[in-house]
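A.B. asks: my questions are about this predicted structure, shown below with the sequence.
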Amino acid sequence: MPRSASLLLTLALIPSLGNEAPGAEHPPNVLFIAIDDLRPALGCYDDPVAISPNIDRLAARGVTFQRAYCQQAVCSPSRLSMLTGLRPDTIRVWDLNTHFRKAAPDAVTLPQHFRHNGYHTLSIGKIFHGGGEPAKDPPSWSEPPRYDVTREPSLRYALPKNLAGKGLKRAATEAADTPDHTYVDGLVCNEALETLGRLSKAEKPFFLAVGFKKPHVPLKAPQEFFDLYQAEELPLPPDFANEPTLPLGADVRNQRRNLDLYANRSFTAAEARAALHAYYACVSYMDAQLGRVLDALDAGGQTDNTLIVLWGDHGWHLSEKGFFAKGTLFEVAVRAPLIIADPRRQATAGRTCRRIVQFVDIYPTLADLAGLPLPAALEGASLRPLLDDPDTDWDKPALTVQSRGWSRGRRIRTERWAYSQWDDDSAGAMLFDHDADPHELRNLAGDPAFAEIIADLQQRLRNSAIAAK
């Protein structure tokens, strides 16, 4: 590339970390990287197209979780769930407008927990949400966040024709011959570099959250990142369709308006490849900004004492089953990248874990690794055993919810099976065998031969709902 490029009920102390634990004078820093709408379109996830050298080098430092799942495939519910360690049903956030503190006023967020335990906590970019009341949570941060809300057109577009347009999302894609810092991710990166320079001289350990917007729509990046790919050479997915193949509700169809080329109409293979082209360009643009942040961490001498977690808040359809959207219960929407790098775990650096994990696991994991007391109300589990041995036994399913009006769709993902159903049964159930059908092409829910499997998965869904109350 051309550039370098809670509810808080009680506190229960976790077991001693032994010789690996950071000493009282040298607790580990945390660099928390959140990426908007990032599916596993990355080299370290064996994507044959993606050019993502910096995320790949981070993967070489840590454990890459190949099967990590969000709690809802929508930005704000996913992020607020992860940051509280509580499921959307617990904090009662299923939309973009509700603040989690309305239902869970005493919840202690992940950065707030670190702040209570002596850390200086900072936020740059999109961490909670990108707009409205859910974007803000002052108790979480030691100082005011920067670039947490970035809805100005000048931060979203560079070309005059788009700057002169109207609305939040104008052109679906944009390639402009412009510096990285023209767009908000470049500005977030520059702010993170300055902040890391300042934090390298501080006495307190830090929890620095950096949130990148790309590849969230609109899909815009400097031209040089578009030049890395040729649209006509990009492969379409095995389940490509030029319009939705299943009636999953108006919320999903409306999501297609995020790419105005395909709003409420069928689209061609060439149009799908154009969207793929822009998405991959945005991934590479964001990756270049991350690379500069990692370089700054190295230059400040902080890498060997910094836990790094990188995650995408949910996946994204790129013509799979006829959607350009999030907000479904298909694998492609609910699965997203998760990489955790702990410099004290060199034995597992560069390893891949194929166990089923979920984003409510991130909070207890980071608290565990930092040697902090752990809020007892959290609904995830520490992934520390998998960081020690990515192949160890692990039989915890991932649970995802989706909202459509007053109805909720719920999905359970186990090592082999993905099963989903709706509260009002309006959309029907779906069962997929991921051993035989990784692209979810054959719905087995109506086959009597799988009735026993479905009954077991339904019971596990019920048990999980009871446990969350």
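C.D. replies: Now that the structure is in, tell me what you want to look at.
A.B. asks: what's the first helix or strand after the longest helix along the chain?
C.D. replies: Longest helix of the chain, by residue count under DSSP state H: helix 269-299. Sequence order places strand 306-312 as the next helix or strand after helix 269-299, per DSSP states H and E.
A.B. asks: walk me through which strands that following strand pairs with, and which way each runs.
C.D. replies: Applying DSSP bridges, strand 306-312 is found paired with strand 29-35 (parallel), strand 338-341 (antiparallel).
A.B. asks: now that strand: average pLDDT?
C.D. replies: Here strand 306-312 scores 98 as its mean pLDDT.
A.B. asks: ok, residues contacting that strand?
C.D. replies: 28-40, 55, 58, 61-62, 68, 82, 290, 297, 336-343, 359, 362, 365-366, 369-370 (Cβ atoms under 8 Å, 6 or more residues apart in numbering). C-beta coordinates here come from the backbone N, C-alpha and C atoms, glycine included.
A.B. asks: could you check the angle helix 269-299 makes with it?
C.D. replies: Comparing the axes of strand 306-312 and helix 269-299 via axes from the mean of the first three to the mean of the last three Cα atoms, to 10 degrees yields an angle of 170 degrees.
A.B. asks: after strand 306-312 comes which helix or strand?
C.D. replies: helix 331-334.
A.B. asks: now that following helix: mean pLDDT?
C.D. replies: On average, helix 331-334 scores 96.
A.B. asks: and for stretch 361-371?
C.D. replies: Across stretch 361-371, pLDDT averages out at 98.
A.B. asks: cool, stretch 210-221 as well?
C.D. replies: What stretch 210-221 shows for mean pLDDT is 95.
A.B. asks: repeat that for stretch 69-80.
C.D. replies: 96.
A.B. asks: thinking again about what came up before, Gly446: which of the strands paired with strand 306-312 is closest?
C.D. replies: Proximity to Gly446, assessed across the strands paired with strand 306-312 by Cβ to Cβ, is greatest for strand 338-341 (32.9 Å).
A.B. asks: so how far is the closest one off the chain centroid?
C.D. replies: Remark: strand 338-341 is offset 11 Å from the chain centroid, using Cα atoms, centre = their mean, to the nearest Å.
A.B. asks: pull the CA atoms of it into PDB?
C.D. replies: Presented in PDB, the C-alpha positions along strand 338-341 are these (Å, rounded to 0.1, in the frame of the first residue of the first chain):
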ATOM      1  CA  LEU A 338     -13.000 -10.300  17.200                       C
ATOM      2  CA  ILE A 339      -9.300 -10.200  17.900                       C
ATOM      3  CA  ILE A 340      -7.800 -10.100  21.400                       C
ATOM      4  CA  ALA A 341      -4.000  -9.500  21.800                       C
END
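A.B. asks: quick one: contacts of that strand?
C.D. replies: Identification of contacts with strand 338-341 by Cβ under 8 Å, 6+ apart yields 44, 55, 58-59, 61-65, 68, 307-312, 349, 357, 359, 362, 365, 383, 387.
A.B. asks: try it again with 7 Å
C.D. replies: Residues from elsewhere that reach strand 338-341 (Cβ atoms under 7 Å, 6 or more residues apart in numbering): 58-59, 61-65, 68, 308-311, 357, 365, 383, 387.
A.B. asks: among these, which pair sits farthest apart?
C.D. replies: Distances among the contacts of strand 338-341 were taken as Cβ to Cβ; the most separated pair is Arg61 and Val357, at 18.4 Å.
A.B. asks: ok, these two, which is more surrounded?
C.D. replies: More neighbours surround Val357 than the other of Arg61 and Val357, with 24 against 18 (other Cβ atoms under 10 Å).
A.B. asks: does that one have beta-bridge partners, and which?
C.D. replies: Using DSSP bridges, the beta-bridge partners of Val357 come out as Ala68.
A.B. asks: I'd like the distance between it and Met82.
C.D. replies: 12 Å (Cβ to Cβ, to the nearest Å).
A.B. asks: one more: Ala376?
C.D. replies: Distance, Ala376 to Met82, by Cβ to Cβ: 18 Å.
A.B. asks: between the two, which is the more surrounded one?
C.D. replies: Met82 (23 against 12).
A.B. asks: ok, that one touching Asp361?
C.D. replies: No: counting by Cβ atoms under 7 Å, Met82 stays clear of Asp361, with 9.0 Å between them.
A.B. asks: for the stretch 151-300 of the chain, which spans come out with low pLDDT?
C.D. replies: The stretch 151-300 of the chain contains residues with pLDDT under 70 at 246-264.
A.B. asks: apply 90 and report the result again.
C.D. replies: Scanning the stretch 151-300 of the chain for pLDDT under 90 picks out 151-158, 160, 162-172, 200-203, 217-218, 242-267.
A.B. asks: all strands for it, in order.
C.D. replies: Assignment of strands within the stretch 151-300 of the chain using DSSP state E, counting those that start in this stretch yields the ranges 173-176, 206-212, 219-222.
A.B. asks: no further questions, thank you.
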